[in-house]
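J.: Next comes the sequence, and after it the predicted model I'd like to discuss.
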Amino acid sequence: MLTQAEVPVPHPAALLACLALLIFVASVTAAPVFADIHPVPLDKNTDSAKCLECHGDKAIGKSVHTAVTTGCTSCHEIRVNRDVTRLKLITTTTYSLCLMCHADKNAAELKGTVHRPALRDCVKCHDPHQSDNTNQLLKPTFGDQKQNLCLSCHKIGVNVPESGSRHPALDMGCETCHVMHKTGEAGKAEFDFHLTKASPALCIDCHDPGDASLQKAHQGQPFGTADCLQCHDPHQSSAPKLMAKFLHPPFADKQCEVCHAPAKDGKVVLTQADAKSLCVTCHDEKAKQIETAKVQHPGATGDCMDCHNPHASQQPGLPKSNGVDICLGCHTGTAELLNKKKVHHQPAVKDGCGTCHTPHGGENEKLLRVQDTNALCLECHGPEAPAPTKLVDQQMVAILGGKVRLPEDDFKNRPVLPIEYGLGHPTKRHPVGNILNTKTKKPAALNCLTCHQPHASAHAGLLVNDQENNMAFCKTCHSEGSMQLQ
């Protein structure tokens, strides 16, 4: 057996030769991502006419890409290496290739919401050569789930309950109401949802406000200039007449006279002098909460309809938009934070700010629902939290004594921490609450916000100061190589 000193050392030239051989083998066996081996040898200067001898079907169809008429080599490149012919795109990605001609679709330069496939992958929706559908779409934008291109991603109108309703416009095709590449000012429904027009202009193209049956359904109240989406879902609903998920009780019970007098000169007339005076006739407890709260919410002191829809909403509490955007309209700092950082706490971007904060005023700092930060966090993430109340008819659960409603699936999928007797996160014996500093022998404040940010972070775990989840983070508190606090 050779000793370490006796093992022969290869000559540097031999090592370089081996490395070159490995690189060559790799280049032959692993073709580039967009390079396919052509079944027959081609000359690198082969023209498009030759391509069409075999691929003539690429130039025949109801909708043929104009690039086909400019020649195959406007998008494709022939590469010949020894006796192997490969065909590849002239760019590294299909998206960058498309933008060479369609620069107006460049998501990086567009304002507002961009249809997600248009962010990076045009061929998810379009055939690059030809199609029997307009704009070279892979499938039409109408028909059932198997036929409709849009329903490949969007499950809208697919599983409507028997007691529910479905908009007949869905059968006319998604492009009846939507323009998939339309973008513009963020926050406007016309652009956020790529609509041909904003509501109600879009709706009254089909639904005439002068129709007697519609006027009767709205009990004679003027609706032609109202936003139809305040009350109706434009696609489907679990209730009749495409009604929104959450309804204001007088509206749901068709007791319009509780709030409305007969319309005058085509305008809405309330039974009270103004909206706030009308709201407090039923919601006087909210008025008292707003006035007497130790920590007041300035946004709650104005008109109730600044934040709420009076009839219906897709969200609990009847906010005018979703439970996040309704707050971010004023809290622009948090909005900027969420835009800058890629990892988000679910309530801050989906469930709604009211999950953790009291929107009408409260007793705790930052309008938190619970004074003890840990108690608030562990309501969702603790194994010993009270069982939520199931709201079966709404597919939601109620937590925090019924004050907060969340989608059942969202709550079910939350991470639950293995905490027992105040210990167990992030490691088995690590405390999650106030502890004794082993050096100073004095109490040390510790809660969830010691380590985590409540809204967003640059890295997984939502750690403070956008730090990564590693030993360096732990050493911000712990002395190196010990279990003691610094």
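T.: Arrived safely, thanks for sending.
J.: And what about residue 96, helix, strand or coil?
T.: When classified by DSSP: H, G, I helix; E, B strand; the rest coil, residue 96 comes out as helix.
J.: I misspoke; the intended subject was residue 397.
T.: Residue 397 ends up strand, using three-state DSSP.
J.: For it, report the pLDDT, please.
T.: Per-residue confidence (pLDDT) for residue 397: 93.
J.: Residue 329 now?
T.: Looking at residue 329, the pLDDT reads 89.
J.: do the same with residue 320
T.: 90.
J.: Tell me how many other residues crowd it.
T.: When neighbours are counted by other C-beta atoms under 10 Å, residue 320 registers 17. C-betas here are computed from N, CA, C, even on glycine.
J.: That one and residue 404: what is the separation?
T.: 19 Å (C-beta to C-beta, to the nearest Å).
J.: likewise residue 148?
T.: 37 Å.
J.: Name the residue in those two with the higher neighbour count.
T.: Applying other C-beta under 10 Å to residue 148 and residue 404 shows that residue 404 carries more neighbours, namely 24 against 21.
J.: In contact with that one: list those residues for me.
T.: 354, 355, 369, 398 (C-beta atoms under 8 Å, 6 or more residues apart in numbering).
J.: from the residues you listed, which ones fall inside strands?
T.: Of the contacts of residue 404, the ones assigned to strands by DSSP state E are residue 398.
J.: Of the contacts of residue 404, which is the nearest to residue 408?
T.: Nearest to residue 408 among the contacts of residue 404: residue 398, at 10.3 Å, using C-beta to C-beta.
J.: leaving aside the residues next to it on the chain, what's closest to that closest one?
T.: residue 389 (4.2 Å; C-beta to C-beta, 6 or more residues apart in numbering).
J.: Show me where the stretch 301-450 of the chain has its strands.
T.: Ranges of strands in the stretch 301-450 of the chain, per DSSP state E, counting those that start in this stretch, are 312-313, 343-344, 389-391, 396-399, 404-407, 435-436, 443-444.
J.: Indicate which one of those is closest to residue 92.
T.: Using C-beta to C-beta, the strands of the stretch 301-450 of the chain put strand 343-344 closest to residue 92, at 28.1 Å.
J.: Figure out how far that closest one is from the centre of its chain.
T.: Relative to its parent chain, strand 343-344 has a centroid offset of 12 Å by C-alpha atoms, centre = their mean, to the nearest Å.
J.: what packs against that strand?
T.: strand 456-457 (3 or more C-beta pairs under 8 Å, 6 or more residues apart in numbering; DSSP states H and E).
J.: Adjacent strands (with direction) for the strand it packs on?
T.: Strand 456-457 has the following strand partners under DSSP bridges: strand 343-344 (antiparallel).
J.: Let me see the mean pLDDT of the strand it pairs with.
T.: Strand 343-344 comes out at a mean pLDDT of 96.
J.: And stretch 443-452, by the same measure?
T.: Mean predicted confidence for stretch 443-452 is 91.
J.: I'd like the contacts of residue 404 written out as a markdown table, with neighbour count and distance to residue 474 added.
T.: Shown next, in a markdown table, are the contacts of residue 404 (neighbours: other C-beta atoms under 10 Å; distance: C-beta to C-beta, whole Å):
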| residue | neighbour count | distance to residue 474 |
| --- | --- | --- |
| 354 | 23 | 34 |
| 355 | 24 | 29 |
| 369 | 20 | 30 |
| 398 | 17 | 37 |
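J.: quick one: which of the contacts of residue 404 is nearest residue 244?
T.: When the contacts of residue 404 are ranked by distance to residue 244 (C-beta to C-beta), residue 354 comes first, at 17.6 Å.
J.: wait, isn't the closest one in contact with residue 317?
T.: Yes. Counting by C-beta atoms under 8 Å, residue 354 touches residue 317, with 6.4 Å between them.
J.: any common contacting residues for those two?
T.: With C-beta under 8 Å, 6+ apart as the test, residue 354 and residue 317 both reach residue 323.
J.: in stretch 443-454, what counts as buried?
T.: Buried residues in stretch 443-454, counting neighbours by 16 or more other C-beta atoms under 10 Å, are found at 446, 447, 448, 451, 453, 454.
J.: Columns distance to residue 172 on top of these, output as CSV?
T.: Below are the buried residues of stretch 443-454 laid out as CSV (distance: C-beta to C-beta, whole Å):
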residue, distance to residue 172
446, 59
447, 55
448, 50
451, 53
453, 46
454, 45
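J.: Can you say which of the strands of the stretch 301-450 of the chain is nearest to residue 96?
T.: strand 343-344 (27.7 Å).
J.: rewinding a little: would you mind giving the strands of the stretch 301-450 of the chain as CSV with distance to residue 119 added?
T.: Listed next are the strands of the stretch 301-450 of the chain as CSV, based on distance: least, C-beta to C-beta, whole Å:
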stretch, distance to residue 119
strand 312-313, 29
strand 343-344, 18
strand 389-391, 36
strand 396-399, 31
strand 404-407, 26
strand 435-436, 46
strand 443-444, 46
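J.: Select, out of those, the one closest to residue 127.
T.: Here strand 343-344 is closest among those (C-beta to C-beta), at 35.5 Å.
J.: In stretch 122-138, which residues are buried?
T.: 122, 125, 126, 127, 128, 129, 130, 131, 133, 136, 137.
J.: Kindly report the same for stretch 85-100.
T.: Counting neighbours by 16+ other C-beta under 10 Å, one finds that the buried residues in stretch 85-100 are 85, 86, 87, 88, 89, 94, 95, 97, 98, 99.
J.: just stretch 396-409 next, same as before
T.: 396, 397, 398, 399, 400, 404, 405, 406, 408.
J.: again, but for stretch 187-204
T.: 189, 190, 191, 192, 193, 194, 195, 199, 200, 202, 203, 204.
J.: Next, the contact list for the third one, please.
T.: By that I understand residue 191. For residue 191, the contact set (C-beta under 8 Å, 6+ apart) comprises 112, 113, 182, 183, 184, 185.
J.: From residue 99, how far off is it?
T.: From residue 191 to residue 99 the distance is 21 Å (C-beta to C-beta).
J.: Flag every buried residue along stretch 342-350.
T.: 344, 345, 346, 347, 348, 349.
J.: Straight-line length of it, end to end?
T.: Terminal residues of stretch 342-350 lie 14 Å apart, using C-alpha to C-alpha, to the nearest Å.
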